[in-house]
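J.: My questions are about this predicted structure, shown below with the sequence.
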Amino acid sequence: MPAFRMEHPESRGENNVATNDNSLTDARVRMLPYIVAATFFMEYLDTTIIATALPQMAQSFGVGPNELSLGMTAYMLTLAVFIPISGWVADRFGSRTVFGMAIAIFTLASILCGFSQNVWEFTAARVLQGLGGAMMVPVGRMIVVRSTGKDRLMKAIATITWPAIVAPVVGPSIGGFITTYASWHWIFLMNVPFGLAAFTAVMMVVRNEHGVSKRPLDLVGFLLSGAALTSLLYGTEIASHMESNIKVALGFVALGVVLGYGAWRHMQRIEHPLLDFSNLRIPTYSVTVLTGSLTRIGVDAVPYLMPLMFQIGFGLTAFQSGLLLLATALGNLGMKAFTTRILQRFGFRSVAVNNAAIAGGLIIACGLLTPATPLPVILGVIFCYGLSRSMQFSTLATLAYADISDARKSSASTLWSVAQQMTIGMGIAFGALALRIAAALRGEAIDASGAHFTLGDFQWAFAMAGVVTLISVIGYRGLARDAGSNIGGGMRAAPGKR
């Protein structure tokens, strides 16, 4: 793996003052996670907020909502293609250069989305926006983990993790408010001031890091991984639509698995692979990527299932459903203040094992809610689910880098981003598939539309998601008792005991 170097500001005529040990100043290190978190929130919010605006946008363009979903799919597939190459691009051209350009591209594309006049203009703008997002998230995470010492890594990762946790649950509510009281254009145009502020902050604070050895681009790996992720995510996207053919969706997923295996075999044989799977030999990293993916699939099925259950099973409006989901957001945000202290007190292994079990139980409990359940109980269950979701995701995101050396942080961040992007789509697809299976077991056609689902179907779907989450507990039990103690986690193992 390549080592890294920093460009000295004084050698480039910049006004920044470099420290003697080539590290960022203390103030800059503290600012970095907040700057990166702001860009993450912009990207994750944009991914989820658009769904509520589709009917108004379709009317504006004079098309049906299904035709407009092309723009959402194009964005997702662009992410799938370009996320794997983000680490190589950052090493070659400099992390600040790439991160700053990604923010600029994302902001420009937001303007173009806001001023789109038809479906094709909107789709093209979304492709450009996807290119910016594909570079913005993994490179931003890479900048934070490279620049933050082990003693501050836990807090820094917790800061940049909360946008991915909160945005999916607040996005629909914000989108509904904007489309109701303003117009869909502002969903995209509101990114502009945030993007300009973030770009300015990045140029002022972030130092440019390059890989010293300019490794060649693994073109075959890029094509194979891009094709695999595109097929996997397109299959999961199809599966999430109730009117789609589940066999076609499973066919794309199967093709993605085959291409992914081919990409893995190829990258095992070459000297400079696009994705370095050797990081999976590090126990703390492999658990967060592999076992963590199973957890994320189960947990991420809930934001898909819950609004549908409230609307189809409870008979609530989309707005009422969105208001209830704000309890999840409050739980996510409420846990952020306690995450570091809990990990310091109990340790990563104990938290990962017990919290995954709690999350699985709460997911099953969500399915047991009925229209007759008292409102305080509903809000309490949803709120506690938000707490456990936030705790587990923050634990995984922090533990991933506990034993990663500086030279491996670039490749580790890229593979982590690939896994995270893939499991978001797979969580949604799993929720949709579980719902269809539940309907099929009572005699309903598996390709039935959402109108045919009953409250019992949702109960079984939540149960399946909860069981998947509970199964992941087995993987976390394999962690050493002192896993993550080098970055501040508690529960150090006694000598000779692991």
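T.: Thanks, I have it.
J.: use CA for all of it now, contacts and neighbours both
T.: Noted.
J.: Can you tell me the element residue 210 falls in?
T.: Residue 210 belongs to strand 209-211 when assigned by DSSP states H and E.
J.: whoops, residue 42 was the one
T.: helix 26-49.
J.: send the alpha carbons of that helix over as CSV?
T.: This file holds the C-alpha atoms of helix 26-49, laid out as CSV (Å, rounded to 0.1, in the frame of the first residue of the first chain):
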residue,chain,number,x,y,z
ASP,A,26,-5.3,21.2,16.7
ALA,A,27,-8.1,23.7,15.8
ARG,A,28,-8.2,22.3,12.2
VAL,A,29,-8.4,18.7,13.4
ARG,A,30,-11.3,19.6,15.6
MET,A,31,-13.1,21.4,12.8
LEU,A,32,-12.7,18.7,10.2
PRO,A,33,-15.3,16.3,11.4
TYR,A,34,-18.0,19.0,11.5
ILE,A,35,-17.1,20.2,7.9
VAL,A,36,-17.2,16.7,6.6
ALA,A,37,-20.4,15.9,8.5
ALA,A,38,-22.1,19.0,6.9
THR,A,39,-21.3,17.7,3.4
PHE,A,40,-22.5,14.2,4.3
PHE,A,41,-25.8,15.5,5.6
MET,A,42,-26.3,17.4,2.4
GLU,A,43,-25.7,14.3,0.3
TYR,A,44,-27.7,11.9,2.4
LEU,A,45,-30.6,14.2,2.8
ASP,A,46,-30.7,14.8,-0.9
THR,A,47,-30.9,11.1,-1.5
THR,A,48,-34.0,10.6,0.7
ILE,A,49,-35.8,14.0,0.5
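J.: Okay, buried residues for the helix or strand just after it please.
T.: Once helix 26-49 ends, the next helix or strand along the chain (criterion: DSSP H and E) is helix 54-61. Within helix 54-61, the residues that count as buried by 16 or more other Cα atoms under 10 Å are 54, 55, 56, 57, 58, 61.
J.: what's the average pLDDT for stretch 80-94?
T.: For stretch 80-94, mean pLDDT is 87.
J.: Check which residues of it are buried.
T.: Buried residues in stretch 80-94, counted by 16+ other Cα under 10 Å: 80-92, 94.
J.: before we move on, what about stretch 225-244?
T.: Within stretch 225-244, the residues scored as buried using 16+ other Cα under 10 Å are 225-242, 244.
J.: Would you map out the domains in this protein?
T.: With automatic domain parsing as the criterion, the domains of the chain are listed as 1-216, 218-273, 278-498.
J.: Would you map the strands across this protein?
T.: For the chain, applying DSSP state E gives strands covering 4-6, 209-211.
J.: weakest of those strands by average pLDDT?
T.: For the strands of the chain, where the average pLDDT is lowest is strand 4-6, sitting at a mean of 44.
J.: hmm, back to that, which of the buried residues of stretch 80-94 fall within helices?
T.: 80, 81, 82, 86, 87, 88, 89, 90, 91, 92 (DSSP state H).
J.: Can you tell me which of these is nearest residue 332?
T.: Residue 332 has its nearest neighbour among those in residue 80, at 26.5 Å by Cα to Cα.
J.: So the closest one versus residue 227, what's the distance?
T.: To residue 227, residue 80 is 8 Å away according to Cα to Cα, to the nearest Å.
J.: again, but for residue 360
T.: Taking Cα to Cα as the measure, residue 360 falls 33 Å from residue 227.
J.: for residue 290, what are its contacts?
T.: Residue 290 sits next to no residue when contact means Cα atoms under 8 Å, 6 or more residues apart in numbering.
J.: change it to 10 Å
T.: Taking Cα atoms under 10 Å, 6 or more residues apart in numbering, we find residue 290 in contact with 280, 416, 419, 472, 475.
J.: Which of these sits closest to residue 263?
T.: residue 419 (14.4 Å).
J.: For that closest one, the count of nearby residues, please.
T.: 18 (other Cα atoms under 10 Å).
J.: With residue 376 instead?
T.: Neighbours of residue 376 (other Cα under 10 Å): 9.
J.: Generate a markdown table for the contacts of residue 290, with distance to residue 108 and pLDDT as supplementary columns.
T.: Shown next, in a markdown table, are those (distance: Cα to Cα, whole Å; pLDDT from 0 to 100):
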| residue | distance to residue 108 | pLDDT |
| --- | --- | --- |
| 280 | 37 | 89 |
| 416 | 27 | 86 |
| 419 | 27 | 86 |
| 472 | 41 | 95 |
| 475 | 43 | 94 |
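J.: Could you save these as a markdown table and add columns showing distance to residue 118?
T.: As requested, the contacts of residue 290 are exported to a markdown table (distance: Cα to Cα, whole Å):
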| residue | distance to residue 118 |
| --- | --- |
| 280 | 45 |
| 416 | 36 |
| 419 | 33 |
| 472 | 45 |
| 475 | 48 |
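J.: Let's see the ChimeraX selection covering just the buried ones among those residues.
T.: Per 16+ other Cα under 10 Å, the buried members of those correspond to this ChimeraX selection:
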select :280,416,419,472,475
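J.: quick one: which of the contacts of residue 290 is nearest to residue 302?
T.: So of those, ranked by how close each gets to residue 302 (Cα to Cα), first place is residue 472, at 16.2 Å.
J.: From residue 289, how far off is the closest one?
T.: Taking Cα to Cα, one finds residue 472 at 12 Å from residue 289.
J.: Find the residues that touch each one of these two.
T.: Common neighbours of residue 472 and residue 289 (Cα under 10 Å, 6+ apart) are 295, 296.
J.: on that earlier part again, which residues are common contacts for residue 80 and residue 227?
T.: Common neighbours of residue 80 and residue 227 (Cα under 10 Å, 6+ apart) are residue 233.
J.: how about the nearest residue to residue 195, chain neighbours excluded?
T.: For residue 195, ignoring the flanking residues on the chain, the nearest one in space by Cα to Cα, 6 or more residues apart in numbering is residue 107 at 5.5 Å.
J.: do residue 263 as well
T.: Nearest residue to residue 263, sequence neighbours excluded (Cα to Cα, 6+ apart): residue 224, at 5.3 Å.
J.: Stretch 260-277 - what's its average pLDDT?
T.: Stretch 260-277 comes out at a mean pLDDT of 88.
J.: that older thread, what about the contacts of residue 290, which are in helices?
T.: 416, 419, 475.
J.: Let me have the residues you listed in a markdown table, extended by distance to residue 214.
T.: Compiled in a markdown table, these are given as follows (distance: Cα to Cα, whole Å):
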| residue | distance to residue 214 |
| --- | --- |
| 416 | 22 |
| 419 | 25 |
| 475 | 37 |
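J.: Show me what counts as buried in stretch 218-227.
T.: Those would be 218, 221, 222, 224, 225, 226, 227, for stretch 218-227 by 16+ other Cα under 10 Å.
J.: Against residue 410, how distant is the second one?
T.: Read it as residue 221. If you go by Cα to Cα, the gap between residue 221 and residue 410 works out to 17 Å.
J.: now do the first one
T.: As for residue 218, its distance to residue 410 is 15 Å (criterion: Cα to Cα).
J.: The fourth one too?
T.: From residue 224 over to residue 410 the distance is 20 Å, taken as Cα to Cα.
J.: Need the contact partners of stretch 405-412.
T.: Residues contacting stretch 405-412 (Cα under 10 Å, 6+ apart): 1-4, 84-88, 90-91, 95, 138-139, 141-147, 211, 273-280, 285, 289, 400-401, 403-404, 417.
J.: what about it, start to end distance?
T.: 10 Å.
J.: circling back to that earlier point, among the buried residues of stretch 218-227, which lie within helices?
T.: 221, 222, 224, 225, 226, 227.
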